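J.: Make a model of this:
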Amino acid sequence: MPSIQITSLKDLDVLVQSIRTSAQRTVRSLHDILANETDSLQVLRLMKFSGIGYHPTEDRALNIIEQINQTFTYMASAEAARWVLQHHPQLQGLRLNLGTHRGFDIESLEPDQVVAEVFAATHPHSNDKVRKDVKRLVEQAPDVPYRYVFFSCPEFKTLSRQAAFERDGVEVWSLPGDRLLQATP
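T.: From the prediction side, this is the model:
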């Protein structure tokens, strides 16, 4: 997937609506399967291995498990981008590198002003993700003045700075999961 340029909060709302539309399509597909399939293992097999889901931002089939993972990472990225735009109004915009696109998850359109890594997981220590993301920013963007790691995990209920995870000038912020389900607050 190519990167997405965001220059306004309205751009983020369009992205969130695209993700929501994809989720609605998948729920309709799943509803149809559940109405017709009585074998529970077959239902789970279809969810994991077949293309009954939809990519969050592209018009193509995807297995539901991958869709779930991408959906909440993309939603966290949108919410993190919203925060960055609100806290750095001097920026001309952001580039969101979603999926497997190279680069940091969020980069300012102006080179070397803001970079961020973003993830959604059951816990910030899952796969040692928060530590690895902080380390990546420290090592690969040492001269960028604003470096962030944003994460969404169920136990973190508020938007708040998580100083215990920070190192070498990289700020870490938790994003409340329920807020990811909204468009512009």
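J.: show me where the protein has helices.
T.: Taking DSSP state H as the criterion, the chain carries its helices at 9-36, 40-49, 64-87, 129-140.
J.: Output the contacting helices and strands for the first one.
T.: In this structure, helix 9-36 packs against strand 4-6, helix 40-49, strand 53-54, helix 64-87, with contacts taken as 3 or more C-beta pairs under 8 Å, 6 or more residues apart in numbering; DSSP states H and E. Any C-beta I mention is one placed from the backbone N, CA and C, and that applies to glycine too.
J.: thinking again about what came up before, hey, which of the helices of the chain is tucked in deepest?
T.: For the helices of the chain, average neighbour numbers computed from mean count of other C-beta atoms under 10 Å are highest in helix 64-87, which has a mean of 21.
J.: Please determine how far the residue of the chain most remote from its centre is located from Val144.
T.: No residue in the chain sits farther from the centre than Thr38, which is 33.8 Å out by C-alpha atoms, centre = their mean. From Thr38 over to Val144 the distance is 55 Å, taken as C-beta to C-beta, to the nearest Å.
J.: One more: Gln86?
T.: 19 Å.
J.: cool, and Gln113?
T.: Relative to Val144, and taking C-beta to C-beta, Gln113 is found at 7 Å.
J.: just for this structure, where's the confidence low?
T.: Applying pLDDT under 70 to the chain flags residues 1-2, 178-185.
J.: Pull the contacting residues for Glu37.
T.: 43, 46 (C-beta atoms under 8 Å, 6 or more residues apart in numbering).
J.: Can you tell me what sits against stretch 131-147?
T.: By C-beta under 8 Å, 6+ apart, stretch 131-147 touches 88, 104, 108, 112-117, 119, 125, 148-149, 165-172.
J.: out of Gln113 and Val144, which sits in the more crowded spot?
T.: Neighbours were counted for Gln113 and for Val144 using other C-beta atoms under 10 Å; Val144 has more, 20 against 16.
J.: Ramachandran angles for the more buried one?
T.: phi -80, psi 130 (degrees, to the nearest 10).
J.: going forward, begin numbering at 397 instead of 1
T.: That works, and once the first residue is 397, the last one we named lands at Val540.
J.: Which residues does stretch 552-560 contact?
T.: Contacts of stretch 552-560 (C-beta under 8 Å, 6+ apart): 479, 520, 567-575.
J.: chain center to that stretch, what's the gap?
T.: 17 Å (C-alpha atoms, centre = their mean, to the nearest Å).
J.: For that stretch, list every residue counted as buried.
T.: Within stretch 552-560, the residues scored as buried using 16 or more other C-beta atoms under 10 Å are 552, 558.
J.: Span of that stretch from start to end?
T.: 14 Å (C-alpha to C-alpha, to the nearest Å).
J.: Okay, domains of the protein per the record?
T.: 407-463, 470-577 (automatic domain parsing).
J.: Can I get these in a markdown table including distance to Gln401?
T.: Shown next, in a markdown table, are these (distance: least, C-beta to C-beta, whole Å):
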| stretch | distance to Gln401 |
| --- | --- |
| domain 407-463 | 8 |
| domain 470-577 | 6 |
